[in-house]
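Asker: just the structure for this:
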Amino acid sequence: MKNLIASTFLGLLPVMAGATAIEEAPWAPRAAAYRLTLFMGNLSPVPWDKIEQSWMSPPLGSDLQIEAISRVSEAEAQAIGRALDSEDRQALFEASTAAIASGILRHLDAAKAALGQPKAASEVSQAAALFRAFEDGIKAADAQAARDLGRAWLVLNSSLGSAGVLGNGAQNVDADRFAEAHSVVADYIRANYLPSEFAERKTLTPIPETVVRSGTPVTLPATLPPGSNIADQRQLPRLVLQFEEAGEDEANLPLVAFGDMLFDSPEIFGGPARELGIACSTCHNRSDVNRDFFIPGLSSHPGGMDVDGSFFNPMFNDRVDDHLDTPSMRGIRFTAPYGRDGREPSLRRFIRNVIVTEFAGKEPTPFQLDALEAYVKQFDFLPNPKIDRAGRLTDLASDAAKRGEVLFNTEFAGLGDKACASCHTPNRQFRDGLTYDIGSAEPPFPGGTPTAFETPTLRNVNFTAPYMHDGSLPTLASVVDWFNDTKQLGLDEAQRADLSAYVEAVGDGEEPYQVFDGRDSVFRLSWEELTTFASTLDTLLPMQDAENIALLVDTVAPDLAADASVMVNQTSKPEIYEFSNILRAVGDASANGNWGEANRQWELFKVMQAEIDERMF
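Answerer: Predicted structure coming up:
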């Protein structure tokens with residue numbers, strides 16, 4: 001699946017085609033700042049300070065650690081600065097667009113003047129890097145121009161000439177061809193990104209000005225700005241499922257298997273989330289946390305985001321920049337209520353809220369909610385031999401942790417004559433199911449009532465940094481320090497170290513990350529999961545459930561094809577494409593009501609799976 005495969009990549013394209021992320025080249029600083037400006041300029045409210053930072057500091061996702069503003073002319077920098085100071089979206093769009101367009105023209109003019117010299121190639125390369133900021137808008141809005149411009153860029157590069165290698169393969173400069181291609185690009189840029197006057201933009205996009213003024217409706221694919229990371233995870237969490245630990249095959253649990261597929265499916269979400277390939281598992285990868293998840297403008301730091309902003313579901317926008325740290329879902333059947341603020345007593349209602357409210361998906365069917373709930377309730381904690389079933393430390397814990405256990409159970413006046421253990425109750429999975437205002441959030445207005453947050457479990461907490469509801473504290477030791485300082489606990493340095501050692505002992509877990517070796521590859525793990533998802537067709541086809549068959553096929557078939565690119569055994573890659581196409585044929589026949597053909601294709605799928613299974617790694 002996407003989060004398994006994407007863990008091997010370094011980044012992702014801002015436009016996702018399907019559910020599997022692919023590697024993205026770094027952006028030129030000016031182009032990165034421009035795309036960050038467009039993305040964040042469309043948020044409501046606009047985070048002006050973050051847009052300014054993208055120009056005044058090295059922008060996220062750029063290839064060079066230099067300020068974007070230093071690469072534009074003085075007049076262009078002043079225009080951008082005035083727009084930022086006045087918080088004028090239209091003025092900012094015009095100034096930043098003109099800065100990118102003018103930069104393209106300056107680099108192309110410099111290349112023309114340097115034809116025959118190595119500098120010419122560098123200048124064309126820099127012009128192309130800036131043109132990238134407009135490219136997807138042109139492709140979406142003006143297909144013929146996109147083709148013409150693509151050919152022009154090829155000519156620009158091929159007409160520069162080359163000295164060859166040791167005198168062999170030398171090519172002469174073709175100034176006439178260069179000039180012709182130069183005119184094609186320059187004329188289009190001037191007409192569309194340096195017009196005498198820009199049309200008013202409700203949404204800031206790189207759509208060409210001539211198309212905007214024509215009134216032609218254009219649908220741009222959802223994009224994320226440079227510096228985003230929704231799928232790359234440095235260490236893949238180990239998934240502990242109750243039924244697997246008991247030796248049961250998920251294929252024998254069709255409701256759970258279908259819920260597993262839904263958890264990995266962008267198809268249950270709406271709008272940008274679905275287009276970008278975001279699923280439940282994007283943030284809660286393999287039941288834990290994707291600690292590298294980050295979207296500029298939505299995330300204040302990796303591992304979470306503002307889930308009630310304007311990007312994914314404008315109807316749910318609370319117009320407050322309130323980043324929430326992503327909680328782990330390990331042992332979720334024990335951790336009601338749900339949501340950082342404990343707003344949902346029911347896991348089923350919470351799942352529905354995430355789909356419909358946070359990510360603008362359509363109302364899930366009762367069957368889909370049954371399946372998702374059945375699957376996530378299988379998530380268990382990582383085993384931890386340092387604590388027993390009652391939550392007490394075992395002999396495997398350190399002496400410091402045992403001293404900390406005493407402190408953890410000690411009542412403090414600053415805690416209202418309660419102990420840490422009063423809320424993080426050891427024999428209740430180190431939580432009590434209640435919400436508290438501990439002073440970690442500010443009131444919404446002077447004299448207002450601050451949000452109370454539920455007591456999080458401490459089990460496996462070592463692997464979910466940063467901490468607190470907003471991820472504001474980087475380590476467990478800093479959490480201990482925060483409580484000591486804000487609640488006047490009076491712990492000295494040694495006691496704080498002991499208390500930290502105790503929390504770390506409780507928060508530990510065996511083999512927290514997936515290990516891959518030889519045939520046990522990233523693709524093999526994905527293959528086994530995807531084919532298990534497909535096994536639910538044994539249940540769905542007899543039910544003639546065309547809706548859920550389509551959802552399954554639209555999730556599994558493209559992932560099978562995309563994931564083939566990272567197979568260790570590349571000789572079997574063509575078989576994966578054939579395998580994916582058979583599954584597509586099941587979906588097509590189902591959609592047409594041809595159940596005999598759907599069943600025939602499904603039998604072909606199972607036969608092929610048995611034949612090729614051993615080669616799939």
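Asker: with adjacent residues omitted, what lies nearest to the spatially most central residue of the chain?
Answerer: With distances taken as Cα atoms, centre = their mean, the residue of the chain nearest its centroid is Ile230 (1.5 Å). Using Cβ to Cβ, 6 or more residues apart in numbering and skipping the chain neighbours, the partner closest in space to Ile230 is Thr282 (5.6 Å). (Glycine included, C-beta is placed from N, CA and C.)
Asker: picking up where we left off before, quick one, grab the pLDDT at the residue nearest to the centre of the chain.
Answerer: As predicted, Ile230 sits at a pLDDT of 93.
Asker: tell me how far it lies from Arg286.
Answerer: Noted for Ile230: a distance of 15 Å to Arg286, by Cβ to Cβ, to the nearest Å.
Asker: buried residues of stretch 468-482, list them for me.
Answerer: Of the residues in stretch 468-482, those buried by neighbour count under the rule 16 or more other Cβ atoms under 10 Å are Met468, His469, Asp470, Gly471, Ser472, Leu473, Leu476, Ala477, Val479, Val480, Asp481, Trp482.
Asker: figure out how far stretch 200-217 is from the centre of its chain.
Answerer: Centroid separation for stretch 200-217 versus its chain: 28 Å, with Cα atoms, centre = their mean, to the nearest Å.
Asker: what's the end-to-end length of that stretch?
Answerer: Distance between the two ends of stretch 200-217: 15 Å, counting by Cα to Cα, to the nearest Å.
Asker: do stretch 459-474 as well
Answerer: Stretch 459-474 has its terminal residues 17 Å apart, counting by Cα to Cα.
Asker: quick one: contacts of it?
Answerer: Residues external to stretch 459-474 that are found in contact with it (Cβ atoms under 8 Å, 6 or more residues apart in numbering): 237, 288-289, 291, 300-301, 303-304, 322-325, 327-328, 330-331, 340-341, 381-382, 384, 429-430, 440-441, 453, 475-476, 478-479, 482, 503-504, 506-509, 512.
Asker: from the residues you listed, which would you call buried?
Answerer: 237, 288-289, 291, 300, 303-304, 322-325, 327-328, 330-331, 340, 381-382, 384, 429-430, 440-441, 453, 476, 479, 482, 503-504, 506-509.
Asker: now the closest residue in space to Glu578 that isn't next to it in sequence: which helix or strand?
Answerer: Once flanking residues are discounted, Glu578 sits nearest to Met608: 7.4 Å by Cβ to Cβ, 6+ apart. Following DSSP states H and E, the helix or strand that holds Met608 is helix 595-612.
Asker: quick one: buried residues of that helix?
Answerer: Of all the residues in helix 595-612, those buried under the rule 16+ other Cβ under 10 Å are Ala598, Asn599, Gln601, Trp602, Phe605, Gln609.
Asker: hang on, the earlier thing: tell me which of the buried residues of stretch 468-482 fall in helices.
Answerer: Leu476, Ala477, Val479, Val480, Asp481, Trp482 (DSSP state H).
Asker: hey, where'd the helices end up in the stretch 401-550 of the chain?
Answerer: Per DSSP state H, counting those that start in this stretch, the stretch 401-550 of the chain carries helices over the ranges 420-423, 476-486, 493-506, 522-534, 537-543, 546-563.
Asker: how far does the shortest one sit from the chain's center?
Answerer: The chain centroid and the centroid of helix 420-423 are separated by 35 Å under Cα atoms, centre = their mean.
Asker: domain ranges for the chain, per the record?
Answerer: Structural domains assigned to the chain are 17-214, 242-376, 399-506, 522-615, following automatic domain parsing.
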